[in-house]
Each structure stands twice: as C-alpha cells, then as structure tokens.
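> sharing a model that was predicted from the sequence below.
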Amino acid sequence: KAGVTQTPRYLIKTRGQQVTLSCSPISGHRSVSWYQQTPGQGLQFLFEYFSETQRNKGNFPGRFSGRQFSNSRSEMNVSTLELGDSALYLCASSPIEGAGNTIYFGEGSWLTVV
Amino acid sequence: AQSVTQLGSHVSVSEGALVLLRCNYSSSVPPYLFWYVQYPNQGLQLLLKYTTGATLVKGINGFEAEFKKSETSFHLTKPSAHMSDAAEYFCAVSRSGTYKYIFGTGTRLKVLA
C-alpha cells in the first residue's frame, strides 16, 4: 500500500509569491491534516479535513488555506509568501477522523522563501 | 488546553546504554498519547501510542512507554541503544473531541559508538 505522497518535495519561491502544495493520502484514508515544521516553532497544526470539510484550523493567518477533494486528495495554499514561511510542510492521513487515531505522515514539502 | 513538554532538546547515550526520553503532558481530560520518530529528510513515523487499556505500551524497534496519569508523563525508553536509533523523537497528545495533535518540541537523540 502506497504511503502518503506529497508534491513537490522541494521548492524555492520568492517573497510575495504564492505556493500550492499537494497531498495524496493513503488509499482509503479520508482524513488529511497539515503541519508546519520549523526549527524554532517545531510542529504546528495548520488544519484538518475530513470528507471535504475543514474540521479544525490552527493559529495561522488567512494567507494559509487548504481544501480537500472528493477523492480525499488535499492541497494547501500559501499566498503572499513571507520569509518566515520557509519550513517543512507535512501532510498526514488517517482512515477516519477523531483523536486517538494514528496519523501517517508523508515525507513533506520543503519550502524555501527567498 | 493541551500541551506537551519534552525535557531535553538533545540527549546523548552510548551504544548499548538505556535510552530515556521524557514527555509530560497537560490535558483536562484523559489524553491519547503518541511517540513519533523522524529521521533526516523524512516525515514522522509512529513508534507507539496509548489510547486506553494497558499503561505500558510496546512499540516498534524495541521502544516502549508507560502512561503514568499521576505524574502526567509518557516517557519513552529502550533498554539498549543502537546507532540506528539516532533521530529526532516527538511526543504528541490529542484528546477526544478535537481533531488536532499537539506535538512537543522534539528531542534529538545522538548515539555514541
């Protein structure tokens, strides 16, 4: 069974641009969540989707948005990029929603903003 | 509000020595607790988790953790460190009624030959 797939793996963007990151969950998984990982802040929750509905959102500005499609694939978008948005963005999926369920992580998308 | 504290951002042990990585949590309701490991340039991999039942949880690669409610702790241990255990380890908590996981700041484990 294929794991969580994230694309692209590495990208460099210029300040002010926007970026879209893609996540394909494990087959059959309907819940997708996103995390930002930085050396200074660690892993911070961005948002979680289940059946195309956003269930929860972390404390990030409105420049960060996401969506989930009917096939459970998810995208996140960051508009008007800032230098501080440079981070590893991790997507995770689980079969169903709810606490206590194991979430399975992809290898992440490394975003560098210059 | 939930939070997770991992004591020690860096821990060094000799190969063959006991590994002990500390995690304390705060939660107003019984939590679900997890340990994940991250190798360089990779995502996070689940080591073990506690949801209900037995408080001593065994995971992969010889790791185990014990849920101690009275101490609000969920420390990770391994009797004998191996060079391949060198990685960053994250403790996480979630609880019923929410959909997000709160991660600790991580502990980077170094194994000395």
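Looks like it arrived, so ask away.
> number of nearby residues for the closest residue to A:Tyr49 other than its chain neighbours?
Closest residue to A:Tyr49 apart from its sequence neighbours, by C-beta to C-beta, 6 or more residues apart in numbering or on different chains: A:Gln68 at 3.7 Å. The C-beta positions use only the backbone N, C-alpha and C, and glycine is treated the same way. For A:Gln68, the number of neighbouring residues by other C-beta atoms under 10 Å in any protein chain shown comes to 23.
> likewise for B:Gly59?
17.
> which residues does the residue nearest to A:Tyr49 contact?
Residues touching A:Gln68, when contacts are defined by C-beta atoms under 8 Å, 6 or more residues apart in numbering or on different chains, comprise A:Val32, A:Tyr49, A:Phe50, A:Ser51, A:Glu52, A:Thr53, A:Gln54, A:Ser74.
> likewise B:Thr5?
The neighbours of B:Thr5, taking C-beta under 8 Å, 6+ apart as the test, are B:Cys23, B:Asn24, B:Tyr25, B:Ser26, B:Gly104.
> and the least confident of these?
Lowest pLDDT among the contacts of B:Thr5: B:Ser26, with 87.
> low-confidence ranges, the chain, go.
This is for chain A. Along chain A, segments meeting pLDDT under 70 span A:1, A:97-99.
> try again with chain B
Residues of chain B that meet the criterion pLDDT under 70 lie in B:1, B:28-30, B:96-99.
> how about the strands in it?
B:3-5, B:10-14, B:19-21, B:24-26, B:32-38, B:44-50, B:56-58, B:64-68, B:73-78, B:87-94, B:102-103, B:107-112 (DSSP state E).
> who in chain A is up against chain B?
Taking C-beta under 8 Å from any C-beta of the partner chain as the criterion, the neighbours of chain B within chain A are A:4, A:31, A:33, A:35, A:42-45, A:48, A:50, A:55-56, A:58, A:90, A:92, A:97-100, A:102-108.
> please name the nearest non-neighbouring residue to the spatially most central residue of chain A.
Central residue check for chain A by C-alpha atoms, centre = their mean: the C-alpha nearest the mean position is that of A:Trp34, 3.2 Å away. If you skip the residues right next to it in sequence, A:Trp34 has A:Leu46 as its closest partner in space, 4.1 Å away by C-beta to C-beta, 6+ apart.
> put the buried members of the residues of chain A next to chain B into a PyMOL selection.
Written as a PyMOL command, the selection of buried residues from the residues of chain A next to chain B, which uses 16 or more other C-beta atoms under 10 Å in any protein chain shown, is:
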select buried, chain A and resi 4+31+33+35+42+43+44+45+48+50+55+90+92+97+98+99+100+103+104+105+106+107+108
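> narrow the residues of chain A next to chain B to those in strands?
Cross-referencing those with the strands (criterion: DSSP E) gives A:31, A:33, A:35, A:42-45, A:48, A:50, A:55-56, A:90, A:92, A:104-105 as the overlap.
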